[in-house]
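Q: what would the 3D arrangement of this be:
(chains A and B)
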Amino acid sequence: MAKLLEVEDIRKSFGSTEVLKGVSLSLDRGETKVIMGSSGTGKSTLLRCVNRLDPADSGHVRLDGEEVTDANVNRMRQRIAFVFQDFNLFLHLSARDNITIGLRKLRKMSKADARQRADRELDRVGLSDRADNYPSQLSGGQQQRVSIARALAMDPDVLLFDEPTSALDPELTGEVVSVMQSLARDGMTMLVVSHEVGFARRAADAVIFMDGGHVLEEAPPKEFFSAPKHDRARQFLTAIGEGEAA
Amino acid sequence: MTDFLSFAVEYLPEILAALPVTLGLWVLAMILGFTLGLLLATGRLYGNRVVYGLSTAYVEIFRGTPMLVQMFFIYLGLPEIGIVLDPFLAAFVAIGMNSAAYQAEYFRGAVRSVPPGQMMAARAIGMTRMEGFRSIVLPQAMRRVIPQWTNEAILELKYTSIAYAIGVSEITARAEKIGNTTFQFFDVFLLLAVIYVILTGIVAQVLQIVESRTAIPGVNR
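A: This is a model prediction of the structure:
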């Protein structure tokens, strides 16, 4: 059976620096994979190439067999949702309207239907009581949960997360991680750039380790964390405090 | 003081009779300036090289020449190539086109002050650049531009007085005429100044209310 998301031989340079040197990966429907690696190894760039926020120089991205191109990108982005590190909630809209605006403008949903859908998604991320609050009235963790609700409302096939907890105070990461875990349990297909080892252990089907613009290894979390195959991966795990003393 | 008050009581109605001309000129010029300014700003922000070049040239030319010169050019110069405008229309076009150059720059600055992540998030949910601009960036830019726009509105209200130079019978022209017949220039221009201060004060207050009414909850400005 064809994979839901196929990323094939993506290359991307910024100026003379080649950030991605031919990256391939794939996700089955319902799978969650976590991409790890030191900063500057192209993880976020890869994620942005998947939904063409940064178009790749070469390579292919296919969703359900359909290639993502400049021509269909706006439609495909509704199926490949993106959650940003710094949330990027629409600042002039309430939590609810951050969610309804896409439904109204892109799905042409009626006001009442969009509102109902938004409230359902807010409930899903545990923020029913915050629907009328504006982004600057919400904590970072709450903002990130609203942004996840905004992404979910478009009924995406795949959710991309770009370091969703990196901009949060440590005590706020838990609420975001637990929302992500429940999505994984519900069978959402997710590609997550994150250093949340706990999340990877509990929710990921595989960890993808990137280094220097390549995928160095891909393994189930248990295997990756206990017996990484590459030195670079071992060093990385030691650096983030997960490595076992050799 | 009592002299001034009795003078004011006597001549105020005569000056105020020209108020509709001043206010009409101002409102129409602001509308022209707003519409054209928004187009110019969009041209400078998103236009291709030709559109960008033309918008930039427009802004530089209209910012770089005195409004009085522009108005004389339109009213006295254009008839030579067959474009004849009556004084009110010429003043409206001159003030509006001049204001457009400034408003364009205010809009452009306001749009650029909206964090880039806003457009990125709009694109990420599948909006086109145009949709993202209209639904996400512009509503925020408009709020950010209000303080500068208030300044511009006040400035243009006072600038309507230059229409006097091509014979538009607005309040300054009316005051000057009263001065010429009464020779009480001190009183008449003092009275005129008071009228302008009250008008601009009202504009400032109203726009202040607009600003606070449209403020995004939780955002301190």
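
Q: switch to C-alpha atoms for all contacts and neighbour counts from now on
A: Fine.

Q: now do the contacts for residue A:188.
A: With contact set as C-alpha atoms under 8 Å, 6 or more residues apart in numbering or on different chains, residue A:188 has these partners: A:29, A:30, A:31, A:32, A:157, A:158, A:159.

Q: in chain B, which spans are helices?
A: Here chain B has its helices, by DSSP state H, at B:2-16, B:19-46, B:49-64, B:67-72, B:87-113, B:116-124, B:129-132, B:138-159, B:171-182, B:185-214.

Q: again with chain A
A: Under DSSP H, chain A gives helices at A:43-50, A:73-79, A:95-105, A:111-124, A:140-153, A:170-185, A:197-203, A:221-226, A:231-239.

Q: of those helices, which approaches chain B most closely?
A: helix A:73-79 (4.3 Å; C-alpha to the nearest C-alpha).

Q: now that closest one: buried residues?
A: Judged by neighbour count using 16 or more other C-alpha atoms under 10 Å in any protein chain shown, the buried positions of helix A:73-79 are A:73, A:74, A:76, A:77, A:78, A:79.

Q: report the contact partners of residue A:62.
A: Residue A:62 neighbours (C-alpha under 8 Å, 6+ apart): A:4, A:5, A:6, A:7, A:68.

Q: and if we set it to 7 Å?
A: The contact partners of residue A:62, by C-alpha atoms under 7 Å, 6 or more residues apart in numbering or on different chains, come to A:5, A:6, A:7, A:68.

Q: which one of these has the most neighbours?
A: Neighbour counts for the contacts of residue A:62 (other C-alpha atoms under 10 Å in any protein chain shown) peak at residue A:5, which has 24 neighbours.

Q: and for the residue in chain B that chain A sits nearest to, the neighbour number?
A: Using C-alpha to the nearest C-alpha, the closest approach of chain B to chain A is made by residue B:126 at 4.3 Å. Using other C-alpha under 10 Å, residue B:126 has 26 other residues around it.

Q: check what pLDDT the nearest residue to it once chain neighbours are set aside gets.
A: Excluding the flanking residues, the one nearest residue B:126 by C-alpha to C-alpha, 6 or more residues apart in numbering or on different chains is residue A:74, at 4.3 Å. Note for residue A:74: predicted pLDDT of 95.

Q: residue A:74 contacts residue B:127, doesn't it?
A: Yes. With contact defined as C-alpha atoms under 7 Å, residue A:74 counts as touching residue B:127 (6.2 Å).

Q: list the contacts for the residue nearest the centre of chain A?
A: The residue lying closest to the centre of chain A (C-alpha atoms, centre = their mean) is residue A:161, at 1.5 Å. Neighbouring residues of residue A:161 by C-alpha under 7 Å, 6+ apart: A:82, A:83, A:84, A:191, A:192, A:193.

Q: from those, which would you call buried?
A: Among these, those that count as buried by neighbour count (16+ other C-alpha under 10 Å) are A:82, A:83, A:84, A:191, A:192, A:193.

Q: residue A:30 against residue A:189, yeah?
A: Yes. The criterion here is C-alpha under 7 Å, and residue A:30 meets it with residue A:189 at 4.4 Å.
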